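> attaching a predicted model along with its sequence, questions to come.
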Amino acid sequence: MLGRFHEFSVPTADILASVEFYERLGFTQAQAREVWRHPYGVLTDGRISIGLHQSPAREASLTFVQPDVASRCADLERGGLRLAYRRTGAEMFHEIGGTDPSGQRLVLLEARTYSPAGRRPEATSRCGYFAAVGLPCGDFEAARRFWEPLGFVAGEELEEPYPHLLLTSDHLNIALHRPRTLASAALVFVDAEMGERIARLRESGIEPRARLPAGLDPAVNALLEAPEGTALLLLRAEL
């Protein structure tokens with residue numbers, strides 16, 4: 001019902017600083033079409049695309065694309081989406097925005113806004129293998145009821161490597177975590193040799209800046225923070 005996952009969209013006050021940060025992590029720029037009036041760029045590691053929007057009007061969001069977006073409003077609202085705006089006029093680039101039960105912004109676009117960079121899906125950045133978008137959630141059962149009709153499959157609630165509920169789909173995995181674990185959304189990467197990756201990042205001048213969730217060893221796990229505030233959680237574990 002949501003369509004194909006497109007990007008993790010984030011607002012940035014300084015798009016050049018954000019681009020530089022992700023390129024240092026091994027992400028590459030994707031070709032972006034001139035759809036938005038504000039400066040916009042896309043960085044990808046082959047599995048996750050990060051859309052950088054230099055506009056204070058944008059919010060961090062999971063962005064999906066599908067045809068005939070205007071026809072989806074009623075079904076999505078019946079499914080629990082809290083509609084925040086609808087731009088589907090004849091002269092508009094069609095876009096719908098709303099929130100899930102936990103307040104996470106979701107955006108549906110009528111068409112693609114960039115061309116893939118050509119990296120292989122199995123490619124990785126210096127962060128490791130992209131595993132999921134982590135989202136704070138105070139009510140796992142309410143989230144399960146919202147996401148499962150949208151094509152996501154919920155597993156069992158797990159305690160390792162931190163308490164979370166994994167929702168899987170063909171195009172995106174979502175790892176729900178308690179707000180006390182981490183108050184913000186995070187891009188989650190995994191690697192069996194994450195300790196070595198973190199050491200190499202430190203050698204290149206990239207230092208973890210944020211406090212790790214409780215119970216995670218900082219020698220083999222890390223939480224990075226991009227200039228615009230996006231959290232990147234690096235784990236020596238599978239979700």
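Noted; the coordinates are in hand. Numbering: from 1, shown residues only.
> what is the mean pLDDT for stretch 158-167?
Averaging pLDDT along stretch 158-167 gives 95.
> mind listing residues that contact that stretch?
132, 134, 137, 140, 143-144, 147-148, 152-157, 173-178, 181, 213-216, 221, 235, 237, 239 (Cβ atoms under 8 Å, 6 or more residues apart in numbering). C-beta coordinates here come from the backbone N, C-alpha and C atoms, glycine included.
> quick one: low-confidence residue ranges for the protein.
Residue ranges of the chain with pLDDT under 70: 33-34, 112-123.
> let me see the domain layout of it.
The record's domain split for the chain, according to automatic domain parsing, is 4-115, 129-235.
> just put those domains in a markdown table and tack on mean neighbour count.
Below are these laid out as a markdown table (neighbours: other Cβ atoms under 10 Å):
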| stretch | mean neighbour count |
| --- | --- |
| domain 4-115 | 17 |
| domain 129-235 | 17 |
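> now, which of the contacts of stretch 158-167 lie within strands?
A132, G134, V153, A154, G155, E156, E157, I174, A175, L176, H177, L235 (DSSP state E).
> between all of those residues, which two are separated the most?
Spanning the widest gap among the ones in strands among the contacts of stretch 158-167 are V153 and L235, at 21.2 Å by Cβ to Cβ.
> any idea how far R24 is from V220?
V220 sits 21 Å away from R24 when distances are taken as Cβ to Cβ, to the nearest Å.
> next: A90.
Relative to R24, A90 is positioned 43 Å away (Cβ to Cβ).
> ok, G134 next?
From G134 to R24 the distance is 22 Å (Cβ to Cβ).
> next: V190.
Distance from V190 to R24, by Cβ to Cβ: 20 Å.
> and the nearest residue to L187 once chain neighbours are set aside, which of the three is it?
Of all residues not flanking L187 in the chain, L232 sits nearest, at 5.0 Å (Cβ to Cβ, 6 or more residues apart in numbering). Under the three-state scheme (DSSP: H, G, I helix; E, B strand; the rest coil), L232 adopts strand.
> surely L232 and L223 touch.
Yes: if you go by Cβ atoms under 8 Å, L232 and L223 touch, sitting 7.2 Å apart.
> which residues are in contact with each of those two?
Any residue near both L232 and L223 by Cβ under 8 Å, 6+ apart counts here, and that gives A186.
> please report phi then psi for the residue of the chain most remote from its centre.
Distance from the C-alpha centroid of the chain peaks at A90, with 29.9 Å (Cα atoms, centre = their mean). Main-chain torsions, A90, degrees, to the nearest 10: phi -60, psi -30.
> how near is it to V107?
20 Å.
> and L223, by the same measure?
25 Å.
> same check, this time on G205
34 Å.
> go on, Y129?
For Y129, the distance to V107 - Cβ to Cβ - is 25 Å.
> wait, what's in contact with F5?
L62, T63, F64, S169, H171, L172.
> max pairwise distance over these: which two?
Spanning the widest gap among the contacts of F5 are T63 and S169, at 14.6 Å by Cβ to Cβ.
> can you give me the helices in this protein?
For the chain, the helices defined by DSSP state H occupy 15-24, 73-78, 140-147, 194-203.
> distance check, the residue lying closest to F146 once chain neighbours are set aside against W147.
Nearest non-adjacent residue to F146, counting by Cβ to Cβ, 6+ apart: G80, 4.6 Å away. Plainly put, G80 is 9 Å away from W147 if you go by Cβ to Cβ.
> same check, this time on E159
21 Å.
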